[in-house]
Each structure stands twice: as C-alpha cells, then as structure tokens.
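*Asks:* coordinates only, no sequence provided:
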DNA sequence: ATGAAAGCGCTAACAC
DNA sequence: GTGTTAGCGCTTTCAT
C-alpha cells in the first residue's frame, strides 16, 4: 500500500497499471468490456493506491447521482434539558418525519438508490432545497417545508414529489407529484364512530389557526359526519390553537371545561399531540376519560398508544408515504412515466382505543404490535 | 420564467445578467462580496432561468460536500407478508439503525451538514462504501457492514468512524475513530441481577456464530457474572445462531426446550430481536415467562417494551451513538482534532421489566414514556 | 479491447 | 468589485 498526500485519481491508477484513464473508468463502470487480465491489473493498482472514485466527478460527468433526497421541516420539539434528552432516546419521540425517512430509505434501497436527508434549518441564501436538489436525482419534500414557488422552479429540472401537502393551487403550472392521506375520510369515519357507537351528541373540534390544509380537510370530515348524523355543530372549530403542541392541547381542554354551558361530551383534536396534552389536563382536573368526556386525536404517533388511557386516533401510513414517494420518483427517473403530475391518496385507519370508550386492546401475547 | 431544455448553468445566468461566471459563483458563496445591485440582477436571472447550483460540480471544485454519511447493514427482518408490512408501519419495527440515523441527522443538522444514508445491500463491484465515501466529507459505519480492510483504505483519505465495533486489530494501522458501548459491563450487570435477585442458577446464553465482537463482549460479561457468583456455565454460548433475527431466536428457544436434561432457568439472548422471537415460541409451547423460564435481551429496541411480557434488556444509547459519531467526524473535518484515533465508550443501562420477574412498569397516568 | 481528447458545472487564485 | 483562467476527477464519443 502506498500513501502519499492527496487522494489518488484515475490518473494515478492508470499510470500505475500502465493503461489509460478511460480503461480505469471502464473497469468500474463496465467491467465486462475490459480484458480480465487488464482488469485485474487495474483493480490491483487501485487497491494499493487506496483509490475511491469521486462521486462528485462521476455525477458531474454522467449527470446522475444514484441518490434520492428528502427535505423536511425542522420541527423537533426542543430537547435541551436533560430529561427530554433522555426521553428522546426512545421511540416515543419518533417524529412524523422519522417514519417517512424509514419508508423512503427502504424503498430507495430496493431500487438501488441511497437517500440524502436534510432538515430545513433556516440558512442563508442557499436554501436547503437547493443544496439537496443539487446533489440528487430527484427528491421529496414534506409539505410546508419550503416555499412552493421555489419547488416550482426546481421541478422544471428534476422530479419532485410533495408529501402530505394537498395540491396548493390548481391554476399554477404544477409539475409536482403529490402524495396525500385521506384526512377527510378518516376524520369523518372516526367522528361517525363516536356518534353512532358511543352516543356522542355534543362533540367539540379543536383545530389549528395555521394555514393547514390537512387540518382543514379533517375538520370538514368532522362536519360531514355530524351533519349526516343530525348532530348540530358550528361551522368553525370550537377552538383554534397556534401550534398543535401538547401545551396547546392542554390549554384547549382547560378552556372547554371552564366555558359556560354544558361541557362537550367529546374533544376531537386535529392531531395526537394536542390530544395527549388534553389527557394530562383532564387528569389534573379529575375529569374521567372516556367516562366524562371522550378524547380523540389524529396521526397515530407511537405516543398515542403509550398514554393512559390509550388514545383513539386515525393512523396515517407514514412509512407507506415514504415508499410511495420513492416509487413516484423512480418512475419519473426511469422514464416509465412522463407527463402530467399525479396525486396519490393513501388510506388511513381508525384506531379504536380506550380514550373513546372502546376496550383497551393491549396485545395479550408477545405480539409485535 | 424561461424554460429551454437542459439545466441552466452559471454561464447561462452570467450571460443573462451581464456579469462573469465568477460573480455568479460569488453571489452564492459569498454574497457580501458582490455589490447589492449586481447581486439582485444575478439572483433575478437565476430565478427566471430556474437555476440550481450543481452540487456535484461544487463538490468537485471545492473538494467538500457538506454531507456526512452512514453505512449500515441490511439487517431488517423480512417483512414480505402483509401482516408484517402492517406492523412495520409502526414504531415497533424501529431498528437499531433507525435510531442511529435519527441521532446522526440531528447532530449533523446542528453542524450544518446533510446526511446520506445507505444500506449495504450487496451490490456489484462498486461496494456500498465506495459509493457513499465518494459523495461525503466523512462517514460512519455500523460494525460489520463492510470489510475492515476496505475501510482501512478509505480512512486514509477521509474521516471514518466505526460504530459499535470494538477496535478489530490493534496491530493494524488503524485510523478509524471508534464508538462502542459497554457491552461487557451491561451484560454482566444484567446477569448478576438475574442470579442475585431472581435466583437463576442454570442460565443459557444464546449468541451468534457470526464474528460479532459485540456479541462476544456480551458473552464475556455473562461469563464474568456467572463466575463471580459461582454459577457454572460452559465456556461457549449454549446455542449460536446465524443472523440474530426473531426467527432464529424462536428456533433457539425450541432447541433449548427439547434438549435432554434439565431445562435452563434463564435464556439470555445476545439481542432483543432473538429474545422476542423466543417469547413467541415459548408462548406457543405454553412455557411461562418468567414463571418457568426467565428471558432477557440486549439493545433496548422499542419493541422490547411492547411485547408481553415486556422484555428485560440492556439499553444502548443509540441516539447518542449517532450524535457522538457526528461530533467525531466534525472534529476531524474542522481540523480541531488530528492524530491518533480515539475510542469513545458509551454507557448502557439495564432495564428491568417483566420477562425477568421484575414488575411490569407501565405508566399509570398519561405520561409520555 | 484500448487510447485520446473534449467536456460536465463549478470554485479559486490571480489580475485588473 | 469583477473578470480570466485553470483545473477538480470522471465519463464518453470517436478513433485505432
């Protein structure tokens, strides 16, 4: 083995094995096209020089990287204090984006791609997307991670798929493939279950004041179920919080409990985090769940199963979303699909647990779930 | 917005905004060094051309990518059937590597790096590492993902840190930084607990036949505890499986139950996956855990808490390992540390749960854990 | 089967 | 402040 300063290049390997750089390149890209004897010589030289092909140079010359990307928002809950850091080393802290990463990685692997992941930490002029976009063959973006216009520009040059974000504007020249989940259907089915099977009559919906198309779709599902069952509710969420966190959920629960008039018999939250926060608050006030009031969430985060009572919610197939995103990208890249963007709608599942009055269904045996 | 075939380059932007390519480059790399007016002109041109800097070209020219990497083995349990696929969309399926990815991603983000991840799916001549190594500034490798010699070669040119793999050979010119966990200590403490607090007298250790230094260290910890307590055990694991999966764990349990002679009073597995498989098998055979036999694992994967009975195990700080790996890489890259490789040893924690006879400690209220 | 030469798109001196 | 000019390390025709 020889070692001398800078990283060896094709030139070094070529020289040492007495061939041209073209042949060295061939040995790696298309071994069959080189006489075995020559090939061995090259490989041997590469080995003792410690040669590793430069991915950058390759990408530059061949115009493809073999890498897919994912951009997601930097929405980690603060974990500065020691306790939180401890808890973070745990599945309960699994974020939405972590699941999507898993799904994408698997699918990418199957197709021979590696995965580049980056969170949107607000940086300088070089937006995150640009950084990722410049290093991959195609990528997925979690909704509201980056301005849509920027994506619009980039998607002119490479496949981009939008995750969980409903098509923003149908009028714009939209070239992005989309993957959404059945927010409307899921919330409607969950609400119907509450009304029909648990006799809920005065449900309160707690939504977000942010511009969240997902939350809006969920609310519409809620309304539809109420209307179908003849349950009267206002045309607006009873409470709108700022950030859909546990703290906000707890606050919302307090507000609803202290309000004049009859207390709602169900708190229907737009996401799990808020619902969990509410469970805390209700316990503090000695309000029984589901006895005094039913509570539900949306998302199906791991934590939803761990809290007591376990949370009835609507489970989103996040892993599948990741996989679907890769499939879409690969289709575009392989040229097996061209033309207009598509929208894939993934189904959700209502998960009935203790917080709505359905029995707790902890596994009896050592099941895997 | 103009759109015409190939992706626009610095030349296109330069021409359209009436400056040189150097200025275009400056606008992105060092905006301050360009007169605001000029800068705006360039940015505008870039915008309507749909210009995105090529990461490859940048990397080539600047010799750095702003990306860190992770290579890990393709060791997911098979999830081809529908049921498993369902379960996979769940935190329970979180693997060792997933946690490390999370840890690395966080830390990388803090340092302004993106993360490239790739599983070692055995490919052609171009080994996985080479692919990753060629596209990142430095990377981490999960032990036994790739041949050490290959790493040896690569680590001559860029920082590499080995995760969870004890330094293989002290005699070789080892340039890799290492991150290990206290396998020996953890297994010894767990075993001691079994013997002292649960009266275990005939423990059986189930290890791996693969060359796994981790598993070996654990076994030595097991032996040490037995010896200290005067419990007689052989100098070899009672069973060695091939791949440390659930299936193999189940098989090992079967074997131990059917063997002639007295059945062991404890199955001490080298990892959680096997232990979980064993729980299944034992349930099928109506062997009570921990009543008839105590079962323990190692790793502390999320699933270990979800199975019934919940699994007593040794928890590895996987998230921390990922973070530590990034810190080490960044130190090397920033030049703040040079010279001999270091070894970081991270502590583990014995987690006492139901499968060893300690009470189940499910949260009472809606706690977050 | 192998070599020669022209880029791929960008950064980094170095001039002006 | 801005332009000029070399490369960075590889792939890829096109010859031979």
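*Replies:* The structure has been received and is ready for your questions. Here the structure is a predicted model, which means the values were calculated and not measured. Residues are numbered from 1 along each chain as shown, chains lettered A, B, ... in the order given.

*Asks:* which ones are touching residue A:68?
*Replies:* Applying CB atoms under 8 Å, 6 or more residues apart in numbering or on different chains to residue A:68 gives the contacts A:104, A:108, A:113-116, A:136-140, A:326, A:329. C-beta: built from backbone N, CA, C; applies to glycine.

*Asks:* now, which of the residues you listed lie close to chain B?
*Replies:* The residues of the contacts of residue A:68 that also fall near chain B, by CB under 8 Å from any CB of the partner chain, are A:114-116.

*Asks:* which single one of the residues you listed is nearest to residue A:298?
*Replies:* residue A:115 (27.3 Å; CB to CB).

*Asks:* tell me the bridge partners for that closest one.
*Replies:* Note on residue A:115: beta-bridge partners by DSSP bridges are residue A:68, residue B:117.

*Asks:* my guess is it meets residue A:66, correct?
*Replies:* No - using CB atoms under 8 Å, residue A:115 is not in contact with residue A:66; the gap is 10.7 Å.

*Asks:* following the helix or strand containing residue A:332, which helix or strand shows up next?
*Replies:* Assigned by DSSP states H and E, residue A:332 belongs to helix A:318-334. Past helix A:318-334, further along toward the C-terminus, the next helix or strand under DSSP H and E is strand A:343-346.

*Asks:* and the very next helix or strand once past that following strand, what does it pack onto?
*Replies:* Using DSSP H and E, the helix or strand that directly follows strand A:343-346 along the chain is strand A:349-351. If you count contacts as 3 or more CB pairs under 8 Å, 6 or more residues apart in numbering or on different chains; DSSP states H and E, strand A:349-351 packs onto helix A:183-198, strand A:313-315.

*Asks:* what residues does strand A:349-351 touch?
*Replies:* For strand A:349-351, contacts defined as CB under 8 Å, 6+ apart pick out A:186, A:189-190, A:193, A:300, A:304, A:312-315, A:317.

*Asks:* rerun at 10 Å
*Replies:* A:182, A:185-193, A:296-298, A:300, A:304-305, A:310-317, A:356, A:358, A:361, B:86, B:89 (CB atoms under 10 Å, 6 or more residues apart in numbering or on different chains).

*Asks:* may I see the PyMOL selection of the buried members of those residues?
*Replies:* This is how PyMOL selects the buried members of the contacts of strand A:349-351, with burial counted by 16 or more other CB atoms under 10 Å in any protein chain shown:
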select buried, (chain A and resi 182+185+186+187+188+189+190+191+192+193+296+297+298+300+304+305+310+311+312+313+314+315+316+317+356+358) or (chain B and resi 89)
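
*Asks:* picking up where we left off before, hmm, the helix holding residue A:332 in reach of DNA strand D?
*Replies:* No - Helix A:318-334 lies out of reach of DNA strand D by CB under 7 Å from any atom of the strand, never closer than 14.6 Å.

*Asks:* pull the distance from that helix to the chain's centre.
*Replies:* 12 Å (CA atoms, centre = their mean, to the nearest Å).

*Asks:* okay, angle between whichever helix or strand residue A:98 is part of and helix B:96-110 too, please.
*Replies:* Assigned by DSSP H and E, residue A:98 belongs to helix A:96-110. Calculated by axes from the mean of the first three to the mean of the last three CA atoms, to 10 degrees, helix A:96-110 forms an angle of 110 degrees with helix B:96-110.

*Asks:* counting contacts, what elements does helix A:96-110 pack onto?
*Replies:* strand A:67-72, strand A:114-119, strand A:138-142, strand A:160-163, helix A:318-334, helix B:82-88, helix B:96-110, strand B:114-119 (3 or more CB pairs under 10 Å, 6 or more residues apart in numbering or on different chains; DSSP states H and E).

*Asks:* redo these as TSV? Include distance to residue B:211 and mean pLDDT.
*Replies:* As requested, those are exported to TSV (distance: least, CB to CB, whole Å; pLDDT from 0 to 100):
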stretch	distance to residue B:211	mean pLDDT
strand A:67-72	31	96
strand A:114-119	26	96
strand A:138-142	38	95
strand A:160-163	40	94
helix A:318-334	32	96
helix B:82-88	28	45
helix B:96-110	18	91
strand B:114-119	20	96
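
*Asks:* turn those into JSON lines, including distance to DNA strand C.
*Replies:* As requested, the helices and strands packed on helix A:96-110 are arranged in JSON lines below (distance: least, CB to the nearest atom of the strand, whole Å):
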{"stretch": "strand A:67-72", "distance to DNA strand C": "16"}
{"stretch": "strand A:114-119", "distance to DNA strand C": "17"}
{"stretch": "strand A:138-142", "distance to DNA strand C": "17"}
{"stretch": "strand A:160-163", "distance to DNA strand C": "18"}
{"stretch": "helix A:318-334", "distance to DNA strand C": "17"}
{"stretch": "helix B:82-88", "distance to DNA strand C": "39"}
{"stretch": "helix B:96-110", "distance to DNA strand C": "20"}
{"stretch": "strand B:114-119", "distance to DNA strand C": "15"}
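
*Asks:* lovely, talk soon.
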